[in-house]
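J.: no sequence on hand, only this structure:
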């Protein structure tokens, strides 16, 4: 039994007999896998030490993983009992993607070694073994039949190639006992945490790029194989367990990081993600384009800094942290209402312009309140430095603590504190999104006139969304002030090199998926991690970022995590709204699943 | 007895252009009243003014004993005046159930809302079958059903329907008209704006013919249906 679900397979890209193609893919991936155990270069000048024969290291590990996954999914294509669950959707397209991923990672590594060390002569045979293996696997995988039919008769090679990477949706999964489903969710989050921690841990650029290539291809492959949608279905079924598992995984994160700087990346991602989620209330749910959102983060941070007891604070009081949080959130709320009340009567573009202006006004104002151009409140461009570390009942956030045998440094402490805030924002977002108010927000976004005709007070609800979003950003700001030691006006620009700023926040929401819970968090993680890891891109950051956004709008306008409602907007033609009936193959997978 | 809705010398203007030039009519509780007329006669403008989406330039609107002139649109609904707007204006990306729930936005009785949603499904079985589907995937006629069902969700004292038959196939139109008859039998008061004069007049208690912002002819439904000038102008007879 081949677990190929399409009744009429599409054309292969290369004219190779299917059986030979499958054997070739297996052989190629085995060779690529074996090659990772050999030395790839003779000197350890290339980071990661690829000189050892016997076990893989550095970038070799990535090739190993990609090759192993290719092998596994190809074997699943043979219909081997117990592997069928791997490919409920497409069978051959994930193999193709993974083979390409293997080739990409290996090819990149070979290129990087040759470039870094000055010539291909520095490569040892192991690299060639893996490279040729990956090439064979890729060529052979291109000979495998497509997973979806191509309805046009005359097609170009490019069209055939693109079609060969697509796959039909996986049929609905058979229900497992709930403990098994929960176990799967937990395992998925465990893997997710491991992959994320691995990505943050990559300590040289080459490894991070290799990581991106591998993860990108592997994730797309799993998506095509139908595993992602299976998992999404499970998480949708067990939402509270999913949230708990996500929280536990997030709590575990600092325990995986021994380096202070990486824990700090984690804390900053969390701040960025939380603020993006707050913005998602405004943009994603209520549909109000706010281009000056980072100002509310700034208001919260400045308010917290002023009452933090910093010697440079103009006020010079020291509130306990809970009071500082209330002050920060309250100040943001007030600003949110003050800005929102007059501007929310505007629609669409006008609102965007006004909020853009407000964001800049905030930055300029705190820059000018330095005693020369105005009253001395914010110390001008100096900002408010030396914000003391928090201290909860003798737990000093600035010090290293040993918890359960793990050393948690300053950043890890703040990471965990921030996580509490993130959890609060997640709860607020979820509750409000599902409530009557959330529905009203969506109604206003869709059709304000009709919403009014339903008795919805559009202005009041928009103001509520705006104020709520501002408050959430203010909350995050109070922690941010302490994490960064200092608040300066430059942190709160429209577009700067360090996220979060208004442009990046909006990008995180759009990239991740508007109106979704996990989207902005995923988007924020990517948008923070990639520039932080690829320092050489720094000068071109905004340029590359613009290109990335354009590509995203072209290829996946609904964002990485698609909202059910948005999906409909962008793919109206290919979403009938009714799950397609699946015929006899269903039982086939059922059996394969039972065998798993 | 005073009428449920009294409109007196209502004037509405878009800038300097007066679209409704002083019209008066009443709607008694339990009646179906229809406004017919050609494009640009001011029918839709009248409805939009009644529901607060437009501000009247002059005249008086009294609904259920309360003046409506300065009531904002979102409050009009709470007084019991529901508007199913022209062009349906359903929320395309929300599910049918969510659309209906939004119709009951101002209500707080969960059990009652559930019951009324069920009632909408009984009235329009197709909506019940597709309750989890996004409203944008419905056909035009089904969307019209949804718009009517949604307007009914606030348990209105008066239901205003703006061109419910617009752009529908003859069969679908017949269905919609049947539903209006059904609603009337259940005692719903309806103010119906239609271009399809034949259909509207045959089920209306009262009819008013509008031309360029004025009511030029009023009478009972059957009377107007047999009126020669109406037949000539709107029913296409020589």
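T.: Thanks, I have the structure now. The model shown is predicted, which means the values in this text are computed figures rather than measured ones.
J.: burial count for the residue of the stretch 51-200 of chain A found nearest chain B?
T.: Closest contact between the stretch 51-200 of chain A and chain B, by C-beta to the nearest C-beta, is at residue A:172 (14.5 Å). Yep, even glycine has a C-beta here, placed from its N, CA and C like the rest. A total of 15 residues lie near residue A:172 under the criterion other C-beta atoms under 10 Å in any protein chain shown.
J.: and it, which of the three is it?
T.: coil (DSSP: H, G, I helix; E, B strand; the rest coil).
J.: so it sits against residue A:233, correct?
T.: Yes. Look at residue A:172 against residue A:233 with C-beta atoms under 8 Å: they come within range, at 7.5 Å.
J.: what residue in chain B comes nearest to chain A?
T.: residue B:77 (3.4 Å).
J.: phi and psi next, for that residue.
T.: phi -60, psi -40 (degrees, to the nearest 10).
J.: and what of the one 10 residues further on?
T.: Geometry field for residue B:87 lists phi and psi as phi 80, psi 10, criterion degrees, to the nearest 10.
J.: neighbours around it, how many?
T.: 15.
J.: and what of residue B:172?
T.: By other C-beta under 10 Å, neighbour count at residue B:172 equals 17.
J.: leaving out sequence neighbours, find the closest residue to it.
T.: Spatial nearest neighbour of residue B:172, excluding adjacent residues (C-beta to C-beta, 6 or more residues apart in numbering or on different chains): residue B:141 at 3.3 Å.
J.: that neighbour belongs to a strand?
T.: No. Going by three-state DSSP, the assignment for residue B:141 is helix, not a strand.
J.: any idea how far it is from residue B:128?
T.: 15 Å (C-beta to C-beta, to the nearest Å).
J.: pick out whichever of those two has more residues nearby.
T.: Taking neighbours as other C-beta under 10 Å, residue B:141 and residue B:128 compare with residue B:141 leading, 20 against 15.
J.: who's in contact with the more buried one?
T.: Shown in contact with residue B:141 (C-beta atoms under 8 Å, 6 or more residues apart in numbering or on different chains): B:168, B:169, B:172, B:173, B:175, B:176.
J.: of those residues, grab the buried ones for PyMOL.
T.: In PyMOL, this line selects whichever of the contacts of residue B:141 come out buried by 16 or more other C-beta atoms under 10 Å in any protein chain shown:
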select buried, chain B and resi 168+172+173+175+176
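J.: return the closest of the contacts of residue B:141 with respect to residue A:455.
T.: Of all the contacts of residue B:141, residue A:455 sits closest to residue B:176, with 23.8 Å by C-beta to C-beta.
J.: how about the nearest residue to that closest one, chain neighbours excluded?
T.: Using C-beta to C-beta, 6+ apart and skipping residues adjacent in sequence, the residue nearest residue B:176 is residue B:164, 5.0 Å away.
J.: quick one: the one you found is in a strand?
T.: No. Assessed with three-state DSSP, residue B:164 is coil; it does not lie in a strand.
J.: so it sits against residue B:192, correct?
T.: Yes. Assessed by C-beta under 8 Å, residue B:164 is found in contact with residue B:192 at 7.5 Å.
J.: enumerate the residues of chain B near chain A.
T.: Contacts of chain B with chain A, taken as C-beta under 8 Å from any C-beta of the partner chain, map to B:51, B:53, B:72-78, B:82-83, B:85, B:89-94, B:98, B:101-103, B:105-106, B:130, B:133-134, B:136-137, B:150, B:154.
J.: from these, which land in helices?
T.: The helices, defined by DSSP state H, take in B:73, B:74, B:75, B:76, B:77, B:78, B:98, B:101, B:102, B:103, B:150 from these.
J.: picking up where we left off before, buried ones from the residues of chain B next to chain A, can you make that a PyMOL selection?
T.: In PyMOL syntax, the buried subset of these is picked out as below (16+ other C-beta under 10 Å):
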select buried, chain B and resi 51+53+73+74+75+76+77+82+83+85+89+90+91+92+93+94+98+101+102+103+105+106+130+133+134+136+137+150+154
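J.: helix or strand right after the helix or strand harbouring residue A:22?
T.: Following DSSP states H and E, one finds residue A:22 within helix A:18-35. Downstream of helix A:18-35, the next assigned helix or strand under DSSP H and E is helix A:59-77.
J.: so which elements touch that next one?
T.: Counting contacts by 3 or more C-beta pairs under 8 Å, 6 or more residues apart in numbering or on different chains; DSSP states H and E, helix A:59-77 packs against helix A:18-35, helix A:92-117, helix A:125-142, helix A:205-225.
J.: how about those in TSV, adding distance to chain B and mean neighbour count?
T.: Formatted as TSV, those follow (distance: least, C-beta to the nearest C-beta, whole Å; neighbours: other C-beta atoms under 10 Å in any protein chain shown):
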stretch	distance to chain B	mean neighbour count
helix A:18-35	38	21
helix A:92-117	28	25
helix A:125-142	37	23
helix A:205-225	23	21
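J.: looking at these, which is closest to residue A:67?
T.: helix A:18-35 (4.0 Å).
J.: what angle sits between the closest one and helix A:59-77?
T.: Between helix A:18-35 and helix A:59-77, the angle comes out at 150 degrees (axes from the mean of the first three to the mean of the last three C-alpha atoms, to 10 degrees).
J.: pop the domain breakdown of chain A in here.
T.: Following automatic domain parsing, chain A resolves into domains at A:18-149+A:158-235, A:258-532.
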